[in-house]
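Engineer: Fold the stuff below for me.
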Amino acid sequence: MPTVHDFRDDNPPLRKPPWIRSRLPAGEAYHRVRELMSRQGLHTVCREAACPNLGECWSSGTATFLILGDVCTRNCAFCAVKTGNPGGVPVDPSEPLAVAEAVAAMELRHAVITSVTRDDLPDGGAQVFAATIRAVRDRVPGCTVEVLVPDFSGDSEALDVVLDAHPEVLGHNLETVLRLYPRVRPRAQYRRSLDLLEAAKKKRPDLLTKSGIMVGLGEIPREIFRVMEDLRGVHCDILTLGQYLRPSIRKLPVERYYPPREFEALRKAGMDAGFRWVEAGPLVRSSYHAATPVQALRT
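Structural biologist: Next up, the predicted model:
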């Protein structure tokens, strides 16, 4: 089974094409968000996962909250988040309220909350997700909530705990095509992730479900189309497609950079497959412009 250390090599990395350009962090809003996160003792996936859109999002006063600490129990070969055993660090009982206070301070109308994977917790952190959703609702009435959840190791009761808190959107990313799972997500299961999305839709038919994949890891077009078919087979509503960007030499190399015109073709293919919304582009991530489809699809 591959580990994060298997991917160092002497081959020169592919040069980033001119369309891969991140906005540099700047401005009053950026500094306000950074200071707020520091003051509240909060983590964001923007920073921990080295998201290329940090500058754009923080500069516009938005962020994606990362709960349950900043150490993940999985060791995915694409992700910049720290990995290890966080079992000795207790879950912070004040975190849900701290997130809610930050949502209020940022005057968000749509809050996106995700987490590291916590296989060390009996419920995978489901109770903290639920508490955070409810805290945001109590503190900022009218704010819609989107959660991007781990697979909870297939625990349907943990998923129910999150769903019972009534988020408007439940996301869970497939991340890549089936063939690449052993290399890219060695401790995850493609079918288990699809089952989670299917179970969520069955329990809450009104819920918007969402998933995303990265491209550039060695997949071929028909495999991407198969992912689309499989997601539509479980009635997934929203799809995001973005370019994989290697966060360090310890992670998988980029096999190919997709040009913008190919992302537009993928977006069209996704809409033709029946998704209600498809966001596709070189720098698209699962929470990129997350409020837009929610506003459009719920009106």
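Engineer: For the rest of this, base every contact and every neighbour count on C-alpha atoms.
Structural biologist: Noted.
Engineer: Show me where this structure has its helices.
Structural biologist: For the chain, applying DSSP state H gives helices covering 28-40, 45-48, 54-59, 95-106, 126-139, 156-163, 181-184, 190-203, 221-233, 260-273, 291-297.
Engineer: could these go into TSV alongside distance to Pro12?
Structural biologist: Shown next, in TSV, are those (distance: least, C-alpha to C-alpha, whole Å):
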stretch	distance to Pro12
helix 28-40	34
helix 45-48	26
helix 54-59	27
helix 95-106	41
helix 126-139	41
helix 156-163	43
helix 181-184	20
helix 190-203	31
helix 221-233	25
helix 260-273	24
helix 291-297	38
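Engineer: nearest to Ile249, of those helices?
Structural biologist: Across the helices of the chain, Ile249 has its closest neighbour in helix 181-184 (14.7 Å, C-alpha to C-alpha).
Engineer: CA-only coordinates of that closest one in CSV, if you can.
Structural biologist: Extracted in CSV, the C-alpha atoms of helix 181-184 (Å, rounded to 0.1, in the frame of the first residue of the first chain):
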residue,chain,number,x,y,z
TYR,A,181,-8.3,4.8,-5.2
PRO,A,182,-5.6,2.4,-3.9
ARG,A,183,-3.0,5.0,-4.9
VAL,A,184,-4.7,8.3,-4.1
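Engineer: which outside residues touch that helix?
Structural biologist: 1-2, 76-78, 176, 188-190, 252 (C-alpha atoms under 8 Å, 6 or more residues apart in numbering).
Engineer: Could I get the contacting residues of the closest residue in space to Arg285 that isn't next to it in sequence?
Structural biologist: Take Arg285 and drop its neighbours on the chain: the residue closest to it by C-alpha to C-alpha, 6 or more residues apart in numbering is Gly242, 5.9 Å away. Going by C-alpha under 8 Å, 6+ apart, Gly242 touches 213-215, 263, 280-285.
Engineer: wait, Ala98 sits on Leu42?
Structural biologist: Yes - Ala98 lies in contact with Leu42 (C-alpha atoms under 8 Å); the separation is 7.5 Å.
Engineer: on that earlier part again, of the contacts of Gly242, which is the most crowded?
Structural biologist: Neighbour counts for those, by other C-alpha atoms under 10 Å, peak at Ala280, which reaches 27 neighbours.
Engineer: Pull the contacting residues for that residue.
Structural biologist: Applying C-alpha under 8 Å, 6+ apart to Ala280 gives the contacts 240-242, 263-264, 266-267.
Engineer: Ok, Leu159 next?
Structural biologist: Neighbouring residues of Leu159 by C-alpha under 8 Å, 6+ apart: 126, 152, 196, 200.
Engineer: Relative to Leu97, how far out is it?
Structural biologist: 21 Å (C-alpha to C-alpha, to the nearest Å).
Engineer: Over to Leu231?
Structural biologist: Distance of Leu231 to Leu97, given as C-alpha to C-alpha: 34 Å.
Engineer: Of the contacts of Gly242, which belong to strands?
Structural biologist: 213-215, 280-281 (DSSP state E).
Engineer: where does the chain dip in pLDDT?
Structural biologist: Flagging of the chain using pLDDT under 70 yields the residue ranges 1-11, 22-27, 29-31, 33, 37, 44-62, 299.
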